[in-house]
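> Here is the input, now give the coordinates:
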Amino acid sequence: MGTPANFKKHLLIPAIMGAALTYGALSLIDDDSLQREQITSLENRILDLELSLAQKEEELADARFFSAGAFGLASTSEPAPNLATNQQAAVAAPNTQSEHSANEQGSNVAVDSQQLLKDLVTLSDRDPRSFSEKANDLLARNASKENIAVVSKSVFDLAENPDVLPDYELQSLYQNQSNPDLQRVIAQVMSTRGDNGLLEKQIAKTQTSLSSENPAIRQQALVELGKTRYASAANAIVPLLQDSDTNVKLDALLALRATGNQSHVRLVETLVSHPDPAVSWLAKDVVNSLQNLSERARTQLASTDIVAELPVIAAP
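Numbers count the residues shown, from 1 in each chain. Prediction:
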């Protein structure tokens, strides 16, 4: 079988000859109408030759492909295998598989979480356990971040359903669990039902860290107090507005913005003229936020306050 170069050589000769004939015809024919007719005919002939050449090349490529597949031989015109590329592909393959497995695992976690949510809030004859019993059992097996989020969301979903989740069960669940996020959500739900006792208890426990000599611990305590969205926490936060550490002072302002009301505005105004521009700017922002709230705001929580700090469940 001839090589592609030989095919091209033989098939291009007629094309070149056709082009030469076109040139000759143009120089010999004077009549416009006859000239256009001859040109069109010659152009069609050249096009036929070019199509024939392309078809032959395609047939040759197919023949080479099937020949290599039948005998396991690589064409001499093919470039040598790139070993570096092959090695990169071999290394990338396990990573791709691991990534797929991770995505699949994440999807399974999300699906399991949604099922857990359904199981926790549904009373069934097949499972006579109460909500608190199911929640305690789940967290006893695995108190993962995801499971904490699931139980917290379940507590929130049942906030307005005391028949399924009565107050005494919430009290029991609060006592049996030590995760601060879950305890906070339970206390917040009790607040929406008119009982701030657990929320006050949560604040008192967190407030002890505000006297730590470590600024990082004071900052973390301020973050936790800010999550309560409760005005009583603001009263515990206010003294930290005068903290010697600028970062603690800034976190105190942020926590106060999340928990305070109009009664706390005057306590922030002294920082509006603070020499540190970050403190001054944030103080102005806090004043603007709190002055729009009444002095009764945040003394009893609403559902929106809980949602704002609810632990996040992985998306399905």
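> Give me the distance between the nearest residue to Arg296 once chain neighbours are set aside and Leu267.
Sequence neighbours aside, Asn261 is the residue nearest to Arg296 in space, at 7.3 Å (criterion: C-beta to C-beta, 6 or more residues apart in numbering). For the C-beta atoms, the positions are set from N, CA and C on the backbone; glycine is no exception. Distance, Asn261 to Leu267, using C-beta to C-beta, to the nearest Å: 11 Å.
> Quick one: residues contacting the residue nearest to Arg296.
By C-beta atoms under 8 Å, 6 or more residues apart in numbering, the residues touching Asn261 are 231, 234, 290, 293-299.
> Any of those residues buried? List them.
The neighbour-count test (16 or more other C-beta atoms under 10 Å) marks 231, 234, 290, 293, 298 as buried among the contacts of Asn261.
> Dump those residues into a markdown table; add secondary structure as well.
Formatted as a markdown table, the buried ones among the contacts of Asn261 follow (DSSP: H, G, I helix; E, B strand; the rest coil):
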| residue | secondary structure |
| --- | --- |
| Ala231 | helix |
| Ala234 | helix |
| Leu290 | helix |
| Leu293 | coil |
| Arg298 | coil |
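> from those, which is closest to Leu256?
Top of the list for closeness to Leu256, among the buried ones among the contacts of Asn261 and by C-beta to C-beta, is Ala234 at 5.5 Å.
> residue contacts, that closest one?
255-256, 259-261, 264, 298.
> looking at it, Asn136 is touching Leu182, isn't it?
No - using C-beta atoms under 8 Å, Asn136 is not in contact with Leu182; the gap is 11.1 Å.
> between the two, what contacts are shared?
Leu173.
> In space, what's closest to Ile186 - neighbours in sequence excluded?
Per C-beta to C-beta, 6+ apart, closest to Ile186 is Tyr174, 4.6 Å.
> May I ask which helix or strand encompasses that neighbour?
Tyr174 is part of helix 167-176 when elements are defined by DSSP states H and E.
> Per-residue pLDDT of the closest residue to Ser263 other than its chain neighbours, please?
Computed as C-beta to C-beta, 6+ apart, the closest residue to Ser263 that is not its neighbour in sequence is Glu295, at 4.5 Å. Glu295 carries a pLDDT value of 91.
> Compute the inter-axis angle for whichever helix or strand comes after the helix holding Tyr174 and helix 167-176.
As assigned by DSSP H and E, the chain's next helix or strand after helix 167-176 is helix 180-192. Put simply, helix 180-192 runs at 160 degrees to helix 167-176, going by axes from the mean of the first three to the mean of the last three C-alpha atoms, to 10 degrees.
> avg pLDDT for helix 180-192?
Mean per-residue pLDDT for helix 180-192: 96.
> and if you look at stretch 217-237?
96.
> just for this protein, where's the confidence low?
1-111, 316 (pLDDT under 70).
> Got the domain ranges for it?
Using automatic domain parsing, the domain parsing of the chain gives 4-71, 101-196+300-316, 220-299.
> Between the two ends of the last one, what distance do you get?
Going back to what we said before, that points to domain 220-299. Terminal residues of domain 220-299 lie 23 Å apart, using C-alpha to C-alpha, to the nearest Å.
> circling back: widest-spaced pair of the contacts of Ala234?
Ala255 and Asn261 (13.5 Å).
> Does anything pack onto the strand or helix carrying Leu282? Which helices or strands?
Using DSSP H and E, Leu282 sits in helix 277-290. Secondary-structure packing of helix 277-290 (3 or more C-beta pairs under 8 Å, 6 or more residues apart in numbering; DSSP states H and E): helix 246-259, helix 265-269.
> got CSV for those, with mean neighbour count too?
Formatted as CSV, the helices and strands packed on helix 277-290 follow (neighbours: other C-beta atoms under 10 Å):
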stretch, mean neighbour count
helix 246-259, 22
helix 265-269, 18
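> and of the ones you listed, who's closest to Glu200?
Glu200 lies closest, by C-beta to C-beta, to one member of the helices and strands packed on helix 277-290: helix 246-259, at 13.1 Å.
> Now do that closest one against helix 277-290, angle only.
Here the directions of helix 246-259 and helix 277-290 differ by 10 degrees (the same axes, to 10 degrees).
> what sits against the residue lying closest to Glu309 once chain neighbours are set aside?
Sequence neighbours aside, Lys227 is the residue nearest to Glu309 in space, at 4.3 Å (criterion: C-beta to C-beta, 6+ apart). Neighbouring residues of Lys227 by C-beta under 8 Å, 6+ apart: 184, 258, 309.
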